[in-house]
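>>> sequence? don't have it. structure:
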């Protein structure tokens, strides 16, 4: 990551989520990356969408797994186990497609982050917050990305506020058909506001 990009990311950090929530629902990862791509383009950086799945475990679940506690496979037993241990997990994973189909909308079942230079930017991770289960995540997360991840291999695991956050690449490009991605005009005002608020 170049110093110029690092400086831009620092300026974007407090602004992007705030501006997106003025015009979008919380789970607006496709729109967020579409907006970020245009902002990066304005500043002379090439950026693109990168589909991933992400699973977040709270600190109690991380400790339970580290102690070797068996996690039940049965959904009812799992919920009881989580309730008893205070463990909790949130996933933005392809299985959520089942919910989309049930609602009559065969949409993208993963999560979209923005790839620029050798990092990815997740400006929509906050949608997974569950403060009642001690899952509180940042509004703007930047991570270095090994080349193999970009080519669809491996996993990135990190710790945020005591939670374990695990990203995996996805080979699902249905997000490219979403209106949030294909319409340049849809979020033009949001792009302009972010650019104006992040001038050096």
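Alright, I've got the coordinates. Bear in mind that the values here come from a model prediction, so they are computed numbers and not experimental data.

>>> Quick one: distance of the helix or strand encompassing residue 30 to the chain centre.
Applying DSSP states H and E as the criterion places residue 30 in helix 29-42. Relative to the centre of its chain, helix 29-42 is centred 13 Å away, using CA atoms, centre = their mean, to the nearest Å.

>>> Give me the buried positions along that helix.
Residues 29-40 are the ones in helix 29-42 that count as buried (16 or more other CB atoms under 10 Å). C-beta here means a position set from N, CA and C on the backbone, and glycine is covered the same way.

>>> Nearest residue to the middle of this structure?
residue 125 (4.0 Å; CA atoms, centre = their mean).

>>> And the strands in this protein?
Ranges of strands within the chain are 47-57, 89-92, 111-116, 119-122, 141-144, 156-160, 163-169, based on DSSP state E.

>>> Out of those, which is the most enclosed?
Using mean count of other CB atoms under 10 Å, the stretch among the strands of the chain with the greatest mean number of neighbours is strand 111-116 (a mean of 24).

>>> residue boundaries of the helices in this structure?
Using DSSP state H, the helices found in the chain span residues 3-12, 16-20, 29-42, 59-66, 75-85, 97-102, 147-150, 179-182, 188-197.

>>> Ok, which of those comes nearest residue 120?
Closest to residue 120 of those is helix 147-150 (CB to CB; 8.2 Å).

>>> What average pLDDT does that closest one get?
Helix 147-150 comes out with an average pLDDT of 85.

>>> Can you list the helices and strands that that helix packs against?
If contacts are counted by 3 or more CB pairs under 8 Å, 6 or more residues apart in numbering; DSSP states H and E, helix 147-150 sits against strand 163-169.
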